[in-house]
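In: structure for the following, please:
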Amino acid sequence: MVMLEVIVQNRQEAVEAEKLGADRVELVSAIQEGGLTPSFGTLKQVLGSVSIPVQVMIRPHSYDFHYTAEDMEVVREDVQAVLDLGGNGIVFGALNRDYTVNEQALTDIINMAIGLDITFHRAFDEADSQEKAYRTLAKYKLDVKRILTSGGENDCVHGKEQLGRLVRLSKQLEGPAIMPGGGLSSENIRNVHQTVGAHEYHFGKAVRINRSFRSGFDQEIIQQVKGTMETGK
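Out: The predicted model follows:
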């Protein structure tokens, strides 16, 4: 089975996404800034309204992926809010100044709870070496379940060859799954999937009416995307 994850911004969108067949949602605020941590109220509403997995964006600012001690205090409080509301899925990524994975930040979060389901987000695309970053994250595979990436390129179409290499590396190391995301659409998913062969994909505005985050989901496009991912046709 190939999983479809979509971005949602509130309860209404999460309920709609589940109804239309999404397998998992990523809950964010401030999508125009690439996605930041949602409010406590939004988080509470969404977690109480859907039965599919909810991955909550934990990102205190959009400037970069380098976090100060003060930033990490905020991050830990936001993760605790997710846990307090019964959630266990978060989306997080942090880098050191040399663009290697910030293992200390990651460990701080992992130590907060047993059984966290972490998606390491597209901070991965800014890593100094994606293979090196993958091998680092593979050490935390019990908690880091997947990596959202476009293969280090602006979108998955241009990054598909690298994505394919990462998928092969993930199988070799039995590490976190590679989840392609960034620029995916109903028009290019077939081509990307045939090259990459991932088992989960992340979609944003391309599955929306008029390709806008101001609009709801396009049922026909979602069904088309799911059909293509399952059959490759």
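In: now do the longest helix seen in the chain, average pLDDT.
Out: Taking DSSP state H as the criterion, the chain has its longest helix at helix 156-173. Along helix 156-173, the predicted local confidence has a mean pLDDT of 98.
In: now stretch 198-211
Out: The average pLDDT within stretch 198-211 is 97.
In: just the CA trace of stretch 111-130, in PDB.
Out: Presented in PDB, the C-alpha positions along stretch 111-130 are these (Å, rounded to 0.1, in the frame of the first residue of the first chain):
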ATOM      1  CA  ASN A 111      13.500  11.700  25.400                       C
ATOM      2  CA  MET A 112      10.200  13.400  26.200                       C
ATOM      3  CA  ALA A 113       8.000  10.300  25.400                       C
ATOM      4  CA  ILE A 114       8.200   6.700  24.400                       C
ATOM      5  CA  GLY A 115       6.700   5.900  21.100                       C
ATOM      6  CA  LEU A 116       6.900   9.300  19.400                       C
ATOM      7  CA  ASP A 117       6.300   9.200  15.700                       C
ATOM      8  CA  ILE A 118       8.600  11.800  14.200                       C
ATOM      9  CA  THR A 119       8.700  13.000  10.600                       C
ATOM     10  CA  PHE A 120      12.100  14.800  10.000                       C
ATOM     11  CA  HIS A 121      11.000  17.600   7.600                       C
ATOM     12  CA  ARG A 122      12.700  19.400   4.700                       C
ATOM     13  CA  ALA A 123      15.500  20.700   6.900                       C
ATOM     14  CA  PHE A 124      16.900  17.500   5.400                       C
ATOM     15  CA  ASP A 125      17.100  19.200   2.000                       C
ATOM     16  CA  GLU A 126      19.500  21.800   3.400                       C
ATOM     17  CA  ALA A 127      21.800  19.200   5.000                       C
ATOM     18  CA  ASP A 128      25.500  19.300   3.900                       C
ATOM     19  CA  SER A 129      25.200  15.700   2.700                       C
ATOM     20  CA  GLN A 130      21.900  13.900   2.400                       C
END
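In: residues of it that come out buried?
Out: Burial within stretch 111-130, assessed by neighbour count using 16 or more other CB atoms under 10 Å, is assigned to Leu116, Asp117, Ile118, Thr119, Phe120, His121, Arg122, Ala123, Phe124, Asp125, Ala127, Gln130. Just so you know, the C-beta spots here come from the backbone N, C-alpha and C atoms, and that holds for glycine as well.
In: kindly report the same for stretch 66-83.
Out: Tyr67, Asp71, Met72, Val74, Val75, Arg76, Asp78, Val79, Ala81, Val82.
In: Provide the secondary structure category for the residue nearest in space to the middle of the chain.
Out: Within the chain, the residue whose C-alpha comes closest to the C-alpha centroid is Leu148; the distance, by CA atoms, centre = their mean, is 4.8 Å. Under DSSP: H, G, I helix; E, B strand; the rest coil, the three-state class of Leu148 is strand.
In: who does it form a beta bridge with?
Out: Met179 (DSSP bridges).
In: which residues does it contact?
Out: By CB atoms under 8 Å, 6 or more residues apart in numbering, the contact set of Leu148 is Val91, Thr119, Phe120, His121, Arg122, Phe124, Met179, Gly181, His202.
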